[in-house]
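1. got a predicted structure here, sequence first:
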Amino acid sequence: MAETIVKHPLEPLSKEEIQAAVSIVKVQKQLGAYDRFVSIELKEPKKEKVQSFDGTQSIPREAFIILLNNRAGACYEAVVSLNEGKVTSWELIPGVQPMIMLDEHIECEKIVQESPEFHEALKRLGIEDPGLVMVDLWSAGNFGTEEDSTVRLARPLCFLRSDAKDNGYARPLPLVPIVDLNKMEILRVEEYQYTRIPAEASNYTPDRVGPLRTGIKPVEITQPEGPSFTVNGHEVEWQNWSFRIGFNPREGLTIHNVSYEDQGRKRPVMYRGALSEMVVPYGDPGAIQNRKNAFDSGEYGIGQLANSLELGCDCVGYIKYFDAPMTNSKGELVTIKNAICMHEEDFGILWKHTDWRSNDVEVRRSRRLVVSSISTVANYEYGFFWYFYQDGNIQFEVKLTGILSTAGLHPGETSKYGTMVGPDLYAPNHQHFFNVRMDMQIDGNENSVYEVNVLAEELGGDNPRENAFYAKSTLLETELQARRKLKLETARYWKIVNDNVKNSLGQSVGYKLVSGENCFPFASEQSSLLKRAGFIKQHLWVTPYNEKEMYASGNYPNQNIGGEGLEAWTAQDRPVSNTDIVVWYTMGHTHVPRPEDWPVMPAAYIGFMLKPVSFFDRSPAINLPPSPKKNYCSSSVKANGCQS
């Protein structure tokens, strides 16, 4: 194959490159019908090669492919050189289960609906039409049984629709078919007892919710002169920011080479940022619910479940979309059109001051650039948003919405471990944990992390009014030192700094991590959850850069017994001071459901910010121009214009 010329080595694989990689590995490894493509993505070049890239010479292009042979139950990792047109690496990865493919979701539902054993179980519930049963594939986890470790399992949850458009989550069924995904066979159907299936419909589409509210006047968002950003391939420039956008089947949206232009100089901030892992543990000990610990990234692939954003109102304004080409399990090209949305939005007041003596008022409105992707994982939707601000802030946010995972109740019964949302229907308590991996690059690769605790000054002569407090910074020198939890009592936060570079005041340049909502896990230390998702034990982890350490729960969390990922890596207690480091932040949302979350949950927001601290000499937003007068309007001004 002729050498593929690209403008930048981090440009995602094109459709043509994906098709070429699939063809090469199929032919050279003589793949057959039992060989399935789990994922294919760009094998990112080594960091030093990317950082030395000057645009004059192309860097060889490689594809990284994960495959599963259903017959042997064997997982392989392959590297394909697109320049040389050959497989350069082929490795058997023993004892693992790669993430569940989208095709498996579809095939699993079909074989369950067609199963005579399942039909008999449905008849015992008085259900005659299996085509009305929704079968949501749930990962099985690993609770120490031989089956958990040797069979590629799924434990689907089942729900009943009244018709093809009905919200089936209103009618959970007491049936759990256990499926061998390699053989696509039902091993058994576990049956549990309900007095009756919940009967009340709970729909959400406009044609089924009754009269819609009125009186909502239009809000128009227009940019008649176009956007303030520019795009070259997947490279973006906006308001002094520049960065690259990436996407892959597992992580979904990724951000690369983030820098800020300051007085004519591009200053690096972050080399790579992405969702590393997420897990959703349920807190209900009931037989149907107690195995629900979904690793939505490592088990299902957030990227392969991304929405096509063209048909909804996910983004408004002047929008730039990016497609996400990938393959299905047969290696056939599949493109998620408009998987990524980018646009600008107004974000209220950035800064303001009124000089009450002269009555002079200066106000600047904040604008932010939004890069987002939304994925549907069975009943839930997760929106992943990166925000870039004009004052140098970066924000990562997850928006959680969709439909609650439900369970049935006996008439008159309530659940200690959830909330009733309808007659004979409850939603179990659960948590959502997200880990974000940030390969930091504050003015260079040599970075350190300081923990900052705000402390009250000791009483005595230096504190006569007993009001003093100060911020104490402590360098986190090794990985074990850098296993840290939030502490509200000391307003704890963390700074990522470059002690080798100073601002004009002699301070080390840096960014601080400002937490938003967070929580701690409720599962015990001996639970399967804590063994497999050790990353949720700490809010902050710091590791030295290692290109093989990408995912907080390890490369293959699906049915893994645990002990891999961040806990194992940081047990080495490697130095993390003044070196090339990766910062991992874990945030959690504890969801005790409300009736108001049903039938579709209003979005919950969870995230964090990276805020410059001594990175600049003063506010980088001081030079923003005032907004045009025509943009100001009061209710007393007529609708035909705001002239003053």
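-> That came through fine.

2. Glu16 sits in which helix or strand?
-> If you go by DSSP states H and E, Glu16 is part of helix 15-28.

3. next secondary structure after that helix?
-> Heading C-terminal from helix 15-28, the first helix or strand you meet, by DSSP H and E, is strand 35-42.

4. what's the next secondary structure element after that following strand?
-> Next element after strand 35-42 (DSSP H and E): helix 47-51.

5. residues making contact with that next one?
-> Pro9, Leu10, Glu44, Ile59, Asn257, Tyr271, Tyr545, Glu547, Asp580 (CB atoms under 8 Å, 6 or more residues apart in numbering). No exception for glycine: its C-beta is placed from N, CA and C like everyone else's.

6. rerun that using 6 Å as the cut-off
-> The contact list for helix 47-51, computed with CB atoms under 6 Å, 6 or more residues apart in numbering, reads Pro9, Ile59.

7. residues of that helix that come out buried?
-> Lys47, Val50 (16 or more other CB atoms under 10 Å).

8. quick one: strands adjacent to the helix or strand just after it?
-> Sequence-wise, the next helix or strand downstream of helix 47-51 (DSSP H and E) is strand 62-69. Strand 62-69 pairs in its sheet with strand 35-42 (antiparallel), strand 74-81 (antiparallel), by DSSP bridges.

9. before we move on, the earlier item: what mean pLDDT does the helix holding Glu16 have?
-> Averaged over helix 15-28, pLDDT sits at 98.

10. try stretch 119-133
-> Averaged across stretch 119-133, pLDDT comes to 96.

11. same check, this time on stretch 149-160
-> Regarding stretch 149-160, the rounded mean pLDDT is 98.

12. got the CA positions of stretch 563-577 in CSV?
-> Below are the C-alpha coordinates for stretch 563-577, written out as CSV (Å, rounded to 0.1, in the frame of the first residue of the first chain):
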residue,chain,number,x,y,z
GLY,A,563,-6.7,-6.2,40.7
GLU,A,564,-5.6,-4.5,37.5
GLY,A,565,-5.3,-0.9,36.5
LEU,A,566,-4.5,2.1,38.7
GLU,A,567,-4.2,0.1,42.0
ALA,A,568,-1.7,-2.3,40.5
TRP,A,569,0.3,0.4,38.7
THR,A,570,0.6,2.8,41.6
ALA,A,571,1.6,-0.1,44.0
GLN,A,572,5.0,0.3,42.3
ASP,A,573,5.3,3.7,44.1
ARG,A,574,7.2,5.2,41.2
PRO,A,575,8.4,8.8,41.4
VAL,A,576,6.0,11.4,40.0
SER,A,577,7.8,14.7,40.8
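
13. gap between that stretch and the chain center?
-> In terms of CA atoms, centre = their mean, to the nearest Å, the centre of stretch 563-577 is set 22 Å apart from its chain centre.

14. hmm, who's touching it?
-> 448, 477-480, 482, 534-535, 541-544, 549, 552-554.

15. so for this structure, the centremost residue is which one?
-> The residue lying closest to the centre of the chain (CA atoms, centre = their mean) is Leu275, at 4.4 Å.

16. can you pull the contacts of that one?
-> Neighbour list for Leu275: Glu251, Ser297, Val436 [criterion: CB under 6 Å, 6+ apart].

17. so who does the first one touch?
-> Going by CB under 6 Å, 6+ apart, Glu251 touches Ala274, Leu275.

18. wait, isn't Val363 in contact with His353?
-> No - under the criterion of CB atoms under 6 Å, Val363 lies out of contact with His353, with a separation of 8.0 Å.

19. those two - which one has more neighbours?
-> Val363 (13 against 9; other CB atoms under 10 Å).

20. A strand includes that one, no?
-> Yes - assigned with DSSP: H, G, I helix; E, B strand; the rest coil, Val363 falls within a strand.

21. rewinding a little: for the residue nearest to the centre of the chain, give its distance to Ser297.
-> 6 Å (CB to CB, to the nearest Å).

22. cool, and Tyr450?
-> Relative to Ser297, Tyr450 is positioned 29 Å away (CB to CB).

23. so what pLDDT did Thr56 get?
-> 87.

24. burial count for it?
-> Neighbour count for Thr56, taken as other CB under 10 Å: 5.

25. list phi and psi for it.
-> Note on Thr56: its backbone torsions stand at phi -90, psi -30 [degrees, to the nearest 10].

26. from Lys7, how far off is it?
-> Thr56 is 11 Å from Lys7, by CB to CB.

27. just the contacts of stretch 563-577 now: which is nearest Arg267?
-> Closest approach between these and Arg267, by CB to CB: Ser448, at 17.2 Å.

28. so who does the closest one touch?
-> Residues near Ser448 by CB under 6 Å, 6+ apart: Val497, Asp499, Ser577, Asn578.

29. pull the CA atoms of stretch 603-616 into PDB?
-> Output of stretch 603-616 as PDB, limited to C-alpha atoms (Å, rounded to 0.1, in the frame of the first residue of the first chain):
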ATOM      1  CA  ALA A 603     -30.100  15.700  33.200                       C
ATOM      2  CA  ALA A 604     -27.800  15.600  36.200                       C
ATOM      3  CA  TYR A 605     -24.500  17.300  35.800                       C
ATOM      4  CA  ILE A 606     -21.100  16.200  37.100                       C
ATOM      5  CA  GLY A 607     -17.700  17.400  36.200                       C
ATOM      6  CA  PHE A 608     -14.500  19.400  37.200                       C
ATOM      7  CA  MET A 609     -12.500  22.300  36.000                       C
ATOM      8  CA  LEU A 610      -8.800  22.900  35.200                       C
ATOM      9  CA  LYS A 611      -8.200  26.600  36.200                       C
ATOM     10  CA  PRO A 612      -4.900  28.400  35.500                       C
ATOM     11  CA  VAL A 613      -3.000  29.200  38.700                       C
ATOM     12  CA  SER A 614       0.000  31.400  38.100                       C
ATOM     13  CA  PHE A 615       0.100  30.200  34.500                       C
ATOM     14  CA  PHE A 616      -0.600  33.800  33.500                       C
END
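
30. so what touches it?
-> Counting by CB under 6 Å, 6+ apart, 392-401, 495, 503, 507, 509-512, 514-517, 587, 589 sit against stretch 603-616.

31. out of the contacts of stretch 563-577, flag the one nearest to Val96.
-> Once CB to CB is applied, the member of these that ends up nearest Val96 is Gly554, at 9.1 Å.

32. so that closest one: helix, strand or coil?
-> Applying three-state DSSP: Gly554 is coil.

33. what's near enough to touch it?
-> Per CB under 6 Å, 6+ apart, neighbours of Gly554: Glu564, Gly565.

34. no further questions, thank you.
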